[in-house]
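S.K.: sharing a model that was predicted from the sequence below.
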Amino acid sequence: MRVSEQNAEILDEFFDVLWLEDGLSRNTLQSYRNDLQLFADWLYKHSHSKRESLIDATHADLLDFLAARVSAKVKASTTSRELSSLKRFYRYLLRQGKIQIDPSLNIATPKLLRNLPESLTETEVEQLLNAPNLNSSLGLRDRAMLEVLYASGLRVSELINLKYSQVSQDMGIVRVMGKGRKERLTPLGEESLDWLNRYTRQSRPLLLQGIVTDTVFVTSRGGAMTRQAFWYLIKRHAQTVGIKKHLSPHTLRHAFATHLLNHGADLRVVQLLLGHADISTTQIYTHIARERLKQLHSKHHPRG
């Protein structure tokens, strides 16, 4: 992709600001860079004046670019993300006085259909939690991982990287550094703490075989588990108990949020527990809870 020296300098400054202000991950920053470089390349090849600098882009250029992406049958979610990257970038340029008019103004972000994450019923969660073989060290570890995940609503990445220094046994909470390096405290509950203690005493020393590490959940080689390994673990245990739903690594996180709302938890509280920066992200779970209520009404109400 063509990026002029001027573009490269401006983009580097922009990404430095994103990193300093928001603490965004390397993957997120790379996503911004890809989107902006894609537009820079299109701007040079397809705009009427073959503009080399992102600073020179006009409102019409952005509209033409988005129209081209739609014509190319790019996913709406991708186009929406690209527009979001452009809006953030041009707001930054305006704030820095590098442009006088924001070319992304009055370009509406398309409304996307929110795909509801498939969640497990409380009965299915119980089945999944009971799936590991407790007669093995790995089975006891798996049970403890599943219990902690369902009790806390942690992201999988947060679970597999969990350290004992983050867990307060006395207070029954776990301290997590989530997205954007935002810290949150999440309760664990007595049940998951019991399983965590049992794993720590009985299973973990056998898995480590003398290796010293602060990582809570370890593999048979004494190292930290990967996201992929945990994903296969969930699928295997789900198959064992006959759960045929399409599962994801965040299935228990989804169940955590849905079941809390089903039992009357406040949406803001669930937002804090999940570590969502925007409550609109959490609101997707209210749709799941609402559908569940409709099903119960239809099944049990005499005029359902």
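M.R.: Cool, the structure landed.

S.K.: checking residue 175 next. Helix, strand or coil?
M.R.: When classified by DSSP: H, G, I helix; E, B strand; the rest coil, residue 175 comes out as strand.

S.K.: OK, contacts around it?
M.R.: For residue 175, the residues meeting the contact criterion (CB atoms under 8 Å, 6 or more residues apart in numbering) are 166-168, 183-185. Quick note: C-beta positions are derived from backbone N, CA and C, even for glycine.

S.K.: make it 6 Å
M.R.: Under the criterion of CB atoms under 6 Å, 6 or more residues apart in numbering, the neighbours of residue 175 are 166, 185.

S.K.: buried set for the helix or strand hosting residue 125?
M.R.: Taking DSSP states H and E as the definition, residue 125 sits inside helix 122-129. Counting neighbours by 16 or more other CB atoms under 10 Å, one finds that the buried residues in helix 122-129 are 124-125, 127-129.

S.K.: what does stretch 74-81 give?
M.R.: Of the residues in stretch 74-81, 79, 81 count as buried by neighbour count, 16+ other CB under 10 Å.

S.K.: now it: mean pLDDT?
M.R.: pLDDT averaged over stretch 74-81 equals 84, rounded to a whole number.

S.K.: CA atoms of it as CSV?
M.R.: Provided in CSV are the C-alpha atoms of stretch 74-81 (Å, rounded to 0.1, in the frame of the first residue of the first chain):
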residue,chain,number,x,y,z
VAL,A,74,-17.2,-5.8,2.2
LYS,A,75,-19.0,-6.7,5.4
ALA,A,76,-21.0,-3.9,7.0
SER,A,77,-19.2,-4.5,10.3
THR,A,78,-15.8,-4.0,8.5
THR,A,79,-17.0,-0.8,6.8
SER,A,80,-18.3,0.5,10.1
ARG,A,81,-15.0,-0.1,11.8
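
S.K.: pull the distance from it to the chain's centre.
M.R.: 18 Å (CA atoms, centre = their mean, to the nearest Å).

S.K.: can you give me the mean pLDDT across the helix holding residue 125?
M.R.: Within the predicted structure, the mean pLDDT of helix 122-129 is 92.

S.K.: now do whichever helix or strand comes after that helix: everything it contacts.
M.R.: Of the helices and strands lying after helix 122-129 in sequence (DSSP H and E), the nearest is helix 137-152. Contacts to helix 137-152, defined as CB under 6 Å, 6+ apart, come from residues 129, 132-134, 159, 174, 186, 188-189, 192, 195-196, 199, 203, 206-207, 217, 233, 252, 256.

S.K.: for helix 137-152, buried residues please.
M.R.: 137, 139-152.

S.K.: ends of stretch 158-177, what's the gap?
M.R.: 8 Å (CA to CA, to the nearest Å).

S.K.: distance check, residue 215 against residue 9.
M.R.: 40 Å (CB to CB, to the nearest Å).

S.K.: against which helices or strands is the helix holding residue 125 packed?
M.R.: Taking 3 or more CB pairs under 6 Å, 6 or more residues apart in numbering; DSSP states H and E as the contact definition, helix 122-129 has no neighbouring helices or strands.

S.K.: contacts only, for residue 234.
M.R.: Applying CB under 6 Å, 6+ apart to residue 234 gives the contacts residue 247.

S.K.: so it is in which element?
M.R.: For residue 234, the enclosing helix or strand under DSSP H and E is helix 227-240.

S.K.: buried ones in the helix or strand just after that helix, by neighbour count?
M.R.: Following the chain from helix 227-240 toward its C-terminal end, the next helix or strand by DSSP H and E is helix 251-262. Of the residues in helix 251-262, those scored as buried under the neighbour-count criterion (16+ other CB under 10 Å) are 251-262.

S.K.: chain center to helix 251-262: distance?
M.R.: Averaging C-alpha positions (CA atoms, centre = their mean) puts helix 251-262 15 Å from its chain's average.

S.K.: and if you look at stretch 55-71?
M.R.: In terms of CA atoms, centre = their mean, the centre of stretch 55-71 is set 29 Å apart from its chain centre.
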